[in-house]
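Visitor: below: sequence and its predicted model.
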Amino acid sequence: MAEPVIVWFRRDLRLSDNPALDRARRSRQPLIPVYIFAPDEETPWQPGGASRYWLHESLQVLEEGLQRLGSRLILRRGDSLAELEKLARETGAEALFWNRLYEPALRKRDRRIETAMKQRGIDVQTFPGHLINEPDTVATKQGSPFKVFTPYWKHCRQLQTTLETVGGIRTLPVAAQWPASDSMESLELVSRIKWYDGIDARWTPGFRGAESALQRFIKEAAAGYATQRDIPSRDGVSSLSPHLHFGEITPRRVIKAMADADRSRGLLSLSAPAEAFVRQLYWRDFAHYLLHHFPRTPTQPLYDKFRHFPWRKNKRLFTAWSRGQTGYPIVDAGMRELWQTGWMHNRVRMIAASFLIKDLMIHWREGAKWFWDTLVDADLANNTMGWQWVAGCGADAAPFFRIFNPVTQGERFDAGGDYVRRWVPELAQLDNRFIHKPWLASPVELEAAGIRPGRDYPDPVVDHAEARKRALAAYKRIQ
Ligand code: FAD
């Protein structure tokens, strides 16, 4: 019997279109699928609460999928290299395959592991798949990294990127003897207190859930994506972000499915809404690209002048923001959607982030940390780019002086107030004229809506017009 191959699952929790798994399967050697939870590994970006919940669920789906193929998922908790070395010793494996990830700390760790395992005589092979294009394969004519999205996107669209995906798997060569596995409980991904009911109700983690989300999007929302994607009360977006983050589905699979759907309608090239959607997947690639080329950006602004910005520390205001109690309905609705479901609509992420950074002048890093802990799609690349974009200090960012007005943003993107009414139920009966500015309603109108001012819903924690002036003055000081 040939020696086994270890397939190290990381953020590629899927069975189809998985190049490392497919390559191992084709080797016909017995295959040992492994997941290692390494909470003590050196990175300040260990998964937050919502991500751990997702990981727990997604691993269970993967394990069950492997079992259906007659295989297993070996779980380990500990240092990745130490566990892989142990596994190689225990099983006599002679090869180790994985799919590549791109965060700087993970790349460093993976290089260390690759070297150490090769020194032990193990054949290490790694594969792409997490992105459309790997960061090292894209550069300007001068060979430097792109810092602006549009030229990056135009450049990438001209690359002959193959959309070939590796197909599903029917059988797997199984190991004659299995190494010991830790139990799912021992990974301690979720606590005994079930705080995540709302998240559970909203999502179906795992590769099957990913495929269903894609099919739902193609059938029900893709055609309207370009016009509906900014309306938070509608199901106009794909909700694929946590699935993509955990590699339950690949961006290439998603693009291919969109192209196939258009082709089945007789179109020769991508329709405009599909193109608008694919563009967002390239934003995801771009975020990984930026993180790869500018590895300090999760904690440092890309542009140095922002290091001297006079951020304010204010626990009371940060708590009001994080709990959805700022008195600005669209901000509060977003923050409560996040808390209850582990996700927030992109338009509202921008409004809520802008409010923290510009109205409250609290450092974007504080907001990024909160998102990191509460988002099911918390992703170092996307989160960093998103926060630096809003703060005006990142690549291709919105200029700092463009400050979102939470009232006009609400009136524009939640014109009927449906989103606010859903997430801020205490305002549900309020007349539409005041839904985004309840402080302007008269006592009689508030009473008619069953609202006691300052008691049922807070007064605004800052005056937006004054806060705007303060932020612009602070910005002037760093010019
Ligand atoms: P769709 O509109 O259906 O888009 C499809 C996919 O494209 C998404 O799943 C995502 O992978 C990618 N995408 C879409 N918009 C963006 C974008 N602006 N930047 C990068 N990729 C994008 N996204 C995360 O995945 N993780 C994060 O931690 C994260 N943090 C953010 C923080 C801030 C302050 C902001 C403004 C945005 C952040 N985003 C983050 C980007 C975006 O909000 C989410 O990707 C999107 O809302 C996910 O919903 P969806 O899957 O329905 O997106």
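Guide: Done, it's in.

Visitor: and Arg77, how close does it get to Met184?
Guide: Here Arg77 is placed at a distance of 10 Å from Met184 (C-beta to C-beta, to the nearest Å). For every residue, glycine as well, the C-beta is placed using N, CA and C.

Visitor: what's the overlap in contacts for the two?
Guide: Common contacts of Arg77 and Met184 (C-beta atoms under 8 Å, 6 or more residues apart in numbering): none found.

Visitor: what's Lys358 sitting at in phi/psi?
Guide: phi -100, psi -40 (degrees, to the nearest 10).

Visitor: need the contact list for whichever residue of the chain sits closest to the ligand.
Guide: Nearest to the ligand, among the residues of the chain, is Gly386, at 2.5 Å (C-beta to the nearest ligand atom). Shown in contact with Gly386 (C-beta under 8 Å, 6+ apart): 287, 349-350, 353, 371.

Visitor: which of those residues are close to the ligand?
Guide: Restricting the contacts of Gly386 to those near the ligand by C-beta under 6 Å from any ligand atom leaves 287, 349-350, 353, 371.

Visitor: how far away is the residue of the chain closest to the ligand from Ile357?
Guide: 11 Å.

Visitor: Serialize the ones next to the ligand among the contacts of Gly386 to JSON lines and add fields for neighbour count.
Guide: As requested, those are exported to JSON lines (neighbours: other C-beta atoms under 10 Å):
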{"residue": "Ala287", "neighbour count": "26"}
{"residue": "Arg349", "neighbour count": "22"}
{"residue": "Met350", "neighbour count": "20"}
{"residue": "Ala353", "neighbour count": "24"}
{"residue": "Phe371", "neighbour count": "24"}
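
Visitor: element containing Tyr35?
Guide: Assigned by DSSP states H and E, Tyr35 belongs to strand 31-37.

Visitor: near the ligand, which residues of this protein?
Guide: 229, 237-241, 244-245, 280-281, 283-284, 287, 346, 349-350, 353, 371, 375, 377-379, 382-383, 385-387, 390.

Visitor: how about the helices in the stretch 251-400 of the chain?
Guide: 251-264, 272-293, 315-322, 329-341, 346-354, 364-374, 380-391 (DSSP state H, counting those that start in this stretch).

Visitor: so can I have CSV of those helices showing mean pLDDT?
Guide: What follows is these, written out as CSV (pLDDT from 0 to 100):
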stretch, mean pLDDT
helix 251-264, 95
helix 272-293, 97
helix 315-322, 98
helix 329-341, 98
helix 346-354, 98
helix 364-374, 98
helix 380-391, 97
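
Visitor: pipe those into JSON lines and attach distance to Phe217 per row.
Guide: Formatted as JSON lines, the helices of the stretch 251-400 of the chain follow (distance: least, C-beta to C-beta, whole Å):
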{"stretch": "helix 251-264", "distance to Phe217": "9"}
{"stretch": "helix 272-293", "distance to Phe217": "8"}
{"stretch": "helix 315-322", "distance to Phe217": "30"}
{"stretch": "helix 329-341", "distance to Phe217": "17"}
{"stretch": "helix 346-354", "distance to Phe217": "14"}
{"stretch": "helix 364-374", "distance to Phe217": "23"}
{"stretch": "helix 380-391", "distance to Phe217": "18"}
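
Visitor: right, and those helices - which one's nearest Tyr457?
Guide: Between Tyr457 and the helices of the stretch 251-400 of the chain, the shortest gap by C-beta to C-beta is with helix 329-341, which sits at 8.2 Å.

Visitor: ok and the closest one relative to helix 364-374, angle-wise?
Guide: 40 degrees (axes from the mean of the first three to the mean of the last three C-alpha atoms, to 10 degrees).

Visitor: would you put the C-alpha positions of helix 329-341 in CSV?
Guide: Provided in CSV are the C-alpha atoms of helix 329-341 (Å, rounded to 0.1, in the frame of the first residue of the first chain):
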residue,chain,number,x,y,z
PRO,A,329,-31.6,55.3,13.0
ILE,A,330,-29.7,54.0,9.9
VAL,A,331,-26.5,53.6,11.9
ASP,A,332,-28.3,51.9,14.8
ALA,A,333,-30.2,49.6,12.4
GLY,A,334,-26.9,48.5,10.8
MET,A,335,-25.2,47.9,14.1
ARG,A,336,-28.1,45.9,15.4
GLU,A,337,-28.3,43.8,12.2
LEU,A,338,-24.7,43.1,12.7
TRP,A,339,-25.1,42.1,16.4
GLN,A,340,-28.1,39.9,15.7
THR,A,341,-27.1,38.2,12.4
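
Visitor: so that helix versus helix 315-322, what angle?
Guide: 70 degrees.

Visitor: now do the buried residues in helix 329-341.
Guide: 329-341 (16 or more other C-beta atoms under 10 Å).

Visitor: want to try TSV for these, with distance to Arg470 as columns?
Guide: Putting those into TSV (distance: C-beta to C-beta, whole Å) gives the following:
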residue	distance to Arg470
Pro329	22
Ile330	21
Val331	17
Asp332	21
Ala333	25
Gly334	22
Met335	22
Arg336	26
Glu337	28
Leu338	26
Trp339	27
Gln340	31
Thr341	33
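
Visitor: ok, back up a step: got the contact list for the strand holding Tyr35?
Guide: Against strand 31-37 from outside (C-beta under 8 Å, 6+ apart): 4-10, 21, 24-25, 55, 59, 62, 66, 71-78, 80, 83-84, 87, 91, 93, 172-175, 178-179, 187, 189.

Visitor: nearest residue to the spatially most central residue of the chain other than its sequence neighbours?
Guide: Residue closest to the average C-alpha location in the chain (C-alpha atoms, centre = their mean): Asp377, at 3.2 Å. Leaving out its chain neighbours, the residue that sits closest to Asp377 by C-beta to C-beta, 6 or more residues apart in numbering is Ser241, at 3.6 Å.
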